[in-house]
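[1] Give me coordinates for this.
(one chain, ligands or ions: 1)
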Amino acid sequence: MCAIVGVFGTENAAQLAYYALFAMQHRGQESTGISSADGKKIHLVKRRGLVTDVFHEGRLKLLKGSCAIGHNRYSTAGKDSVLDAQPVFAKYKLGEISVAHNGNLTNKYEVRDDLIEKGAIFQTEMDTENIVHLIAKSQKNKLKARIKDMLNKIEGAYCLAIQSRSKMFVVRDRFGIRPLSLGKLKNGGYIVASETCAFDLVGAEFVRDVEPGEMLVFEKGKEPQSEMIFESDPHPCAFEYIYFARPDSIIAGKTVYNMRLQMGKQLAKETPAKIDLVLPVPDSGVAAAKGYADGMGVPFEMGIVRNHYVGRTFIEPTQEIRDLKVKLKLSPIKDMIKGKSVAIVDDSLVRGTTSKQIVRMLKDAGAKEVHMRIAAPEIKYPCRYGIDTATSQELISFSKTPEEIAEYIGADSLGFLSIEGLTKSLGDDSNYSLVSFDGNYFAGGNADSPGCSTIR
Ligand code: AMP
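    So this is what the prediction gives:
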């Protein structure tokens, strides 16, 4: 999961990176960091915590220079070390380097074991350390050539922002699994970010997506230089549209909110229900529920209130805390629900925890019938390309049919969007990464290979 940003060619680079990371806080809340380069030195601040907690004026002032890269990190199964924060900084033969990575390398342990065999030392479990080591160990005498050497040794999903003391390099894997876009700042500088919502906040103009397989090199006084490192074979991640990205972001030319509306409409076609009312699971199911209500021709109501001061349910690692947190977070408007048959729509179902709690909550509030609708296909396989979706055993659809899950969560019925319905909603114009639904590990790895939060 995670977010990256790179800002180049403007005096307030770190400040803009800070705003961009704030806009992309939803992509990771565990830790955040920014490194800046002033031509002579790289400066780095990274800590556990949210962007607004970690950065204040004093810290941002330390981050001098006209180039900055930054990172928000998603939770990693209970690890709580600042060492896991990014960017990762190192000194090596050619000077100083800093790297921010969004994605997940499927050959992480092969590469790591090989490096360790040859004497490398590691401080964390992060695959980003592999990247730094591979660059440092390359025998080439230019950083760009070293980065290319490194790219030939890594597999899986990656969007990278790499900074030296004077240049910035940005790379996207040939499948373009995770999003990455290029924007232009008003004063002529550039910004690269995981999501376009970052551009809106800093007033940057969207230029284009970074192409799958492309490297962009930013150098003082020059326009960004583009080089195709790998032949492009786009497989944008469907889960970005379903759940992860912010609704106002535009990924591969498509506004995320509109895609969610379409998924909801398609869901209404595929699994209608006899209902009086459609409610979303706030906030994740709002757009899809609106689409479902439109498709069904039934009123849409915000019948469940969300307490915004509780973090996402997934952040806590243990099952007991997860259950409690759903109750802390959501509460029904009883008057609206009593005696009604309702459809409750969420964007996805992972372990079934949220659905089970919500169905019980709605029944306790007096709902006559509760029909659960999920605007995504059944998640049966762990994503190995940067979405943290637990192990197969934890995924309820891995071992249970929709009917069994309906019984488990106590719903009167349960309906999922079909895989065909999903790709149709997204516009059948791309080979989407559907790995969580179809188990097609096209970019390497498999259900047992390391995920983003795997700790050996
Ligand atoms: P669960 O309660 O385990 O079935 O999880 C479903 C809820 O988690 C839904 O409300 C989703 O919006 C949300 N969700 C889905 N995928 C993820 C993910 N990878 N990380 C965090 N939350 C997720």
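[2] per-residue confidence at Val278?
    If you check Val278, the pLDDT there is 98.
[3] no no, Asp428
    pLDDT for Asp428: 75.
[4] Ok, the one 4 residues further on next?
    Reading off the per-residue confidence, Tyr432 sits at a pLDDT of 95.
[5] what's the closest non-adjacent residue to it?
    Excluding its sequence neighbours, the residue lying closest to Tyr432 (CB to CB, 6 or more residues apart in numbering) is Ala238, at 4.3 Å. C-beta: built from backbone N, CA, C; applies to glycine.
[6] wait, what's in contact with the one you found?
    Leu422, Thr423, Leu426, Tyr432, Ser433, Leu434, Phe437 (CB atoms under 8 Å, 6 or more residues apart in numbering).
[7] swap the cut-off to 7 Å and go again
    Ala238 sits next to Leu422, Leu426, Tyr432, Ser433, Leu434 when contact means CB atoms under 7 Å, 6 or more residues apart in numbering.
[8] go on, His26?
    His26 sits next to Arg246 when contact means CB under 7 Å, 6+ apart.
[9] How much space separates the residue nearest to Tyr432 from Gly6?
    Distance, Ala238 to Gly6, by CB to CB, to the nearest Å: 25 Å.
[10] Equivalent analysis for Asp429, please.
    Asp429 sits 28 Å away from Gly6, taking CB to CB as the criterion.
[11] who's more crowded, the two?
    Using other CB atoms under 10 Å as the criterion, Asp429 and Gly6 rank with Gly6 on top: 28 against 11.
[12] and the residue of the stretch 1-150 of the chain nearest the ligand?
    The nearest approach of the stretch 1-150 of the chain to the ligand comes at Met1, 6.8 Å away (CB to the nearest ligand atom).
[13] How about that residue, nearest residue that isn't a chain neighbour?
    Distances taken as CB to CB, 6+ apart place Tyr74 nearest to Met1, at 3.6 Å, with adjacent residues excluded.
[14] show me what contacts the residue lying farthest from the centre of the chain?
    Distance to the chain centre peaks in the chain at Gly339, reaching 38.7 Å (criterion: CA atoms, centre = their mean). Contact analysis of Gly339 by CB under 7 Å, 6+ apart lists Gly366, Lys368.
[15] Relative to Gly366, how far out is it?
    As defined by CB to CB, Gly339 lies at a distance of 6 Å from Gly366.
[16] What of Lys184?
    Remark: distance between Lys184 and Gly366 (CB to CB) = 54 Å.
[17] returning to what we had before: name the element the residue farthest from the centre of the chain belongs to?
    For Gly339, there is no host helix or strand (DSSP states H and E).
[18] Got phi/psi on it?
    phi 80, psi 0 (degrees, to the nearest 10).
[19] Low-confidence stretches in this protein?
    Scanning the chain for pLDDT under 70 picks out the ranges 75-80, 311-325, 453-456.
[20] what does it have sitting close to the ligand?
    Proximity of the chain to the ligand (CB under 6 Å from any ligand atom) is limited to residues 243, 281, 284, 312, 314, 346-355, 387-389.
[21] So how do I select the buried members of those residues in ChimeraX?
    Buried residues within those, by 16 or more other CB atoms under 10 Å, are selected in ChimeraX with:
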select :243,281,284,314,346,347,348,349,350,351,352,353,354,355,387,388,389
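[22] From the residues of the chain next to the ligand, which land in helices?
    Among the residues of the chain next to the ligand, the members found in helices (DSSP state H) are Thr353, Thr354, Ser355.
[23] how about the strands in the stretch 51-200 of the chain?
    Taking DSSP state E, counting those that start in this stretch as the test, the strands found in the stretch 51-200 of the chain are 67-73, 88-92, 95-105, 156-163, 168-172, 181-184, 190-193.
[24] quick one, which of those strands is packed in tightest?
    strand 67-73 (a mean of 31; mean count of other CB atoms under 10 Å).
[25] Could you give the separation of it from the chain centroid?
    Put simply, strand 67-73 sits 15 Å off its chain's centre (CA atoms, centre = their mean, to the nearest Å).
[26] residues in contact with that strand?
    By CB under 7 Å, 6+ apart, the residues outside strand 67-73 that reach it are 2-8, 13-14, 17, 20-21, 24-25, 27-28, 30-37, 51, 84-87, 98, 100, 161, 163, 168.
[27] close enough to count as contact, Ile229 and Lys148?
    Yes - contact status for Ile229 versus Lys148: in contact at 6.3 Å, counting by CB atoms under 7 Å.
[28] ok so, going back, for the strands of the stretch 51-200 of the chain, which one sits closest to Val256?
    Nearest to Val256, of all these, is strand 181-184, at 12.6 Å by CB to CB.
[29] Sheet-wise, list the partners of that closest one with their directions.
    Strand 181-184 sits in its sheet next to strand 190-193 (antiparallel), strand 205-209 (antiparallel), going by DSSP bridges.
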